[in-house]
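> When you get a sec, could you give me coordinates for this:
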Amino acid sequence: MSQGTRRERIRAATEMEIREHARALLVTKGRDAVTLRAIARELGITAPALYRYYDSREDLLRQLGDDICTDLVSELTERLQSVESADFRGRLNSVCHGFRGWALAHPKEFALVFATRADETSEPEGGAAHQDGSDDRFASVFMRIIGPLIVESTNLVHHDAAPAGLHCELASNQQSLTRAFSEEGINMPAEALDTNAVYVLLRWWVRLYGHVALEVFGRFPFTLVDADRLYDSLLDELAAEIGIA
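Below is the predicted model:
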């Protein structure tokens, strides 16, 4: 028993060392530099030996992405702890500013996790993504952070009616989000995640992610000196839309 446990500890330590080297390559040289051959060279072993720990480069990238998500969730959770639980607007601001700050400080990690198609880092049978197409990483970060806030805001937030033509699609996504919340241990009351709430969440995500992605990748349509103020105005607009300005 003890020998088996020792083997497990050694294997876990080796896997972590491999991912640490992979992350260092990602940060310093970019995603394309993260290859099993390059990591094996740094570890002083043969590339085939790495297949005892990871089935493929895509498997390694997927698990590296999971590590990055875990770090991001921890950072955002720590930020929330410094904000009064009754300060709903302050908690949302803390999460949104934290996400943007992390993305700007970790552009390569952001690109791997949030700007890579799911099929590029998933297993053949859809291992990293649900069969319905929803990405585990969306759940692992935002469901853990935004989910509890949505539960808390059931009686606070105004949910604009979703356009009639979107109801069928939103209903489908409602089921996916409910399942994602459940997998994160968050029990969502039905009234907290109706189709209108899904519509609100979708608009928030699209606008926040759009701003952050454009900023991280330097794709603003013109030079912007004070991006902080633009982001703050975006948060003000989003807050006003749900009645918590």
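> Spit out the contact partners of the residue nearest in space to the middle of the chain.
By CA atoms, centre = their mean, the chain has its centre lying nearest to residue 141, at 4.0 Å. The neighbours of residue 141, taking CB atoms under 8 Å, 6 or more residues apart in numbering as the test, are 69, 72-73, 76. C-beta coordinates here come from the backbone N, C-alpha and C atoms, glycine included.
> Give the buried residues for stretch 235-245.
Residues of stretch 235-245 classed as buried under the neighbour-count rule (16 or more other CB atoms under 10 Å) are 235, 238-239, 241-242.
> Narrow these to those in helices?
With DSSP state H as the criterion, helices contain 235, 238-239, 241 from among these.
> thought residue 57 was touching residue 35?
Yes. Contact criterion CB atoms under 8 Å: residue 57 and residue 35 qualify, at 6.2 Å.
> if you skip the residues just before and after it, what's nearest to the residue nearest to the centre of the chain?
residue 69 (5.3 Å; CB to CB, 6 or more residues apart in numbering).
> which SSE is the one you found in?
Under the criterion of DSSP states H and E, residue 69 resides in helix 57-80.
> Quick one: mean pLDDT over that helix.
Helix 57-80 comes out with an average pLDDT of 91.
> going forward can the numbers begin at 36, since that is how I track them
With 36 as the first residue, the last one maps to helix 92-115.
> Restricting to C-alpha, output the helix or strand that that helix is followed by in PDB.
The helix or strand immediately downstream of helix 92-115 is helix 123-140, counting by DSSP H and E. The C-alpha trace of helix 123-140 is given here as PDB (Å, rounded to 0.1, in the frame of the first residue of the first chain):
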ATOM      1  CA  PHE A 123     -23.400  43.100  -4.800                       C
ATOM      2  CA  ARG A 124     -22.100  45.800  -7.200                       C
ATOM      3  CA  GLY A 125     -18.700  45.800  -5.500                       C
ATOM      4  CA  ARG A 126     -18.400  42.000  -5.800                       C
ATOM      5  CA  LEU A 127     -19.200  42.100  -9.500                       C
ATOM      6  CA  ASN A 128     -16.700  44.900 -10.100                       C
ATOM      7  CA  SER A 129     -14.100  43.000  -8.100                       C
ATOM      8  CA  VAL A 130     -14.500  39.900 -10.300                       C
ATOM      9  CA  CYS A 131     -14.600  41.900 -13.600                       C
ATOM     10  CA  HIS A 132     -11.600  44.000 -12.700                       C
ATOM     11  CA  GLY A 133      -9.800  40.900 -11.500                       C
ATOM     12  CA  PHE A 134     -10.400  39.000 -14.700                       C
ATOM     13  CA  ARG A 135      -9.200  41.900 -16.900                       C
ATOM     14  CA  GLY A 136      -6.100  42.500 -14.700                       C
ATOM     15  CA  TRP A 137      -5.200  38.800 -14.800                       C
ATOM     16  CA  ALA A 138      -5.700  38.700 -18.600                       C
ATOM     17  CA  LEU A 139      -3.500  41.700 -19.200                       C
ATOM     18  CA  ALA A 140      -0.800  40.200 -16.900                       C
END
